[in-house]
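S.K.: Give me a model of this one.
(one chain, ligands or ions: 1)
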Amino acid sequence: MLGIAVLGSSGSIGRQTLEVIAAHPARFRVRALAAGHASATFLVQLGDCPDAAAWVSEGKPATIAVERWAEGGLEELVELDGVDLVVVATTGMAALPAVLRALAAERIVALANKETLVTGGHLVSTALARDGDPLERLRPVDSEHSAIWQCLLGERRDDVTRLILTASGGPFREREVETLPRVTVEEALAHPTWRMGPKITIDSATLVNKAFEAIEARWLYGLPYSRIEAVIHPSSVVHSLVEFADGSFKAQLGLPDMHLPIQYALTYPNRLPSPGRHAPPADWGSLEFRELDPSRYAGYQVVREAAAAGGNRGTILNAADEVAVAAFLGGRLTFDRIPMVIDDAVVRWGSPQEPDLATIVDLDREVREALRADLGMAAT
Ligand SMILES: NC(=O)c1ccc[n+]([C@@H]2O[C@H](COP(=O)([O-])OP(=O)(O)OC[C@H]3O[C@@H](n4cnc5c(N)ncnc54)[C@H](OP(=O)(O)O)[C@@H]3O)[C@@H](O)[C@H]2O)c1
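M.R.: I've put the predicted structure just below:
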């Protein structure tokens with residue numbers, strides 16, 4: 001019986017994680033749940049998981065019993081007795097300190113949240129640096145990284161030439177580039193293949209998400225950015241590919257459904273029946289691949305270039321993108337200006353020094369406050 005903490009349990013990944021857990025009641029017990037707010041969904045989850053301690057970032061509401069409340073927040077939850085594996089399904093970089101604590105406390109981390117590695121990949125990498133396969137302790141949940149992980153099983157790392165992340169291309173892959181300034185929030189939220197939270201859905205429309213995934217892949221698999229590429233694959237059936245020295249490619253395929261990579265991170269190295277969608281190959285449609293056109297996806301280019309420059313830029317990219325996406329969703333910024341806000345922030349704050357945790361937190365706050373003021377948004 002594996003004890004699980006789910007950080008961000010009320011969100012899209014968090015809810016699907018609880019569905020996976022519910023499908024295998026003899027294998028898993030939920031020991032901790034956390035969210036941003038004590039929403040109705042969160043309170044129902046707490047009712048369904050009587051053994052779970054709880055925390056919400058907005059502060060303790062009267063509806064959560066005192067004996068279940070973890071005053072020390074995410075960092076306390078991941079260290080609780082009985083927690084063996086922590087699913088990180090929060091948005092933003094809120095969980096970075098808790099991920100470092102969990103790894104130090106020998107917990108397995110199943111990581112859906114990409115911002116943790118975008119901002120603190122160097123710190124996580126140091127926390128993992130000891131004997132053994134780091135992927136046993138830090139397991140990817142993102143479908144692309146889960147696919148790469150599965151393709152690498154049984155292979156020698158020295159034989160890998162390239163990692164190729166697949167991207168659906170988002171809702172605007174066919175749209176005239178000149179019309180991008182007029183994209184509406186509703187159009188940007190209509191992802192063609194995946195149903196996700198709003199932030200990652202907008203990041204998938206700009207393809208900033210794919211560039212963040214390249215950063216994740218760099219930290220998870222230790223390859224340089226020059227060997228991590230992306231290709232447009234509209235049907236999202238091939239979740240990613242690995243190319244080997246002999247010219248072979250391996251891929252992992254399936255319908256777009258996060259239950260499968262979530263479950264694999266929980267049950268590795270075993271495979272069990274999954275509550276996700278299944279269909280035979282004849283129902284998958286065409287497996288088309290197209291080169292990624294950088295002129296259509298300025299955000300992808302901006303983030304990749306800044307990531308390759310390293311230093312403190314991951315923190316800036318994450319904070320600037322979050323503010324820019326919120327400004328777009330709130331009607332304060334046009335869609336085509338999201339990459340410009342990110343690029344300006346990198347120029348303004350970028351430095352080659354890799355930040356420690358305290359510096360990441362301070363820089364994140366500074367970038368957010370300044371950009372929110374620039375964009376006429378209320379302070380948080
Ligand atoms: N959705 C997907 O299919 C998918 C796929 C791959 C990777 N990911 C990644 O997984 C992460 C979660 O995505 P999502 O789509 O599930 O997001 P989401 O639906 O917006 O859910 C986010 C969850 O995090 C909670 N949360 C936010 N701030 C928090 C804080 N400071 N402390 C504790 N909990 C907090 C939210 O609670 P409240 O709602 O109460 O604020 C909610 O439960 C993101 O990093 C995303 O990039 C998602």
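
S.K.: Which elements pack onto the helix or strand containing residue 342?
M.R.: Assigned by DSSP states H and E, residue 342 belongs to helix 338-349. Judged by 3 or more Cβ pairs under 8 Å, 6 or more residues apart in numbering; DSSP states H and E, helix 338-349 is in contact with helix 198-206, helix 208-221, helix 298-309, helix 313-329, helix 357-374. Quick note: C-beta positions are derived from backbone N, CA and C, even for glycine.

S.K.: and the ligand, which of those helices is closest to it?
M.R.: helix 198-206 (4.0 Å; Cβ to the nearest ligand atom).

S.K.: So residue 325 is in contact with residue 199, correct?
M.R.: Yes - counting by Cβ atoms under 8 Å, a contact exists between residue 325 and residue 199, whose distance comes to 5.7 Å.

S.K.: Next, the angle from the helix holding residue 342 to helix 208-221.
M.R.: 50 degrees (axes from the mean of the first three to the mean of the last three Cα atoms, to 10 degrees).

S.K.: Next, the buried residues of helix 338-349.
M.R.: 338, 339, 341, 342, 343, 344, 345, 346, 349 (16 or more other Cβ atoms under 10 Å).

S.K.: Not counting its neighbours along the chain, what's nearest residue 309?
M.R.: Distance criterion Cβ to Cβ, 6 or more residues apart in numbering; nearest residue to residue 309, sequence neighbours excluded, is residue 350 at 6.9 Å.

S.K.: what's the neighbour count on that neighbour?
M.R.: As a burial measure, residue 350 scores 16 neighbours (other Cβ atoms under 10 Å).

S.K.: Wait, it touches residue 316, no?
M.R.: Yes - applying Cβ under 8 Å, one finds residue 350 in contact with residue 316, separated by 6.2 Å.

S.K.: Give me the common contacts of those two.
M.R.: Common neighbours of residue 350 and residue 316, using Cβ atoms under 8 Å, 6 or more residues apart in numbering, are residue 306.

S.K.: Got phi/psi on the residue of the stretch 151-300 of the chain with the smallest separation from the ligand?
M.R.: Scanning the stretch 151-300 of the chain for the residue nearest the ligand gives residue 197, at 2.8 Å (criterion: Cβ to the nearest ligand atom). When read as degrees, to the nearest 10, the backbone of residue 197 gives phi -70, psi 160.

S.K.: That one reaches residue 15, doesn't it?
M.R.: No - using Cβ under 8 Å, residue 197 makes no contact with residue 15, being 10.5 Å away.
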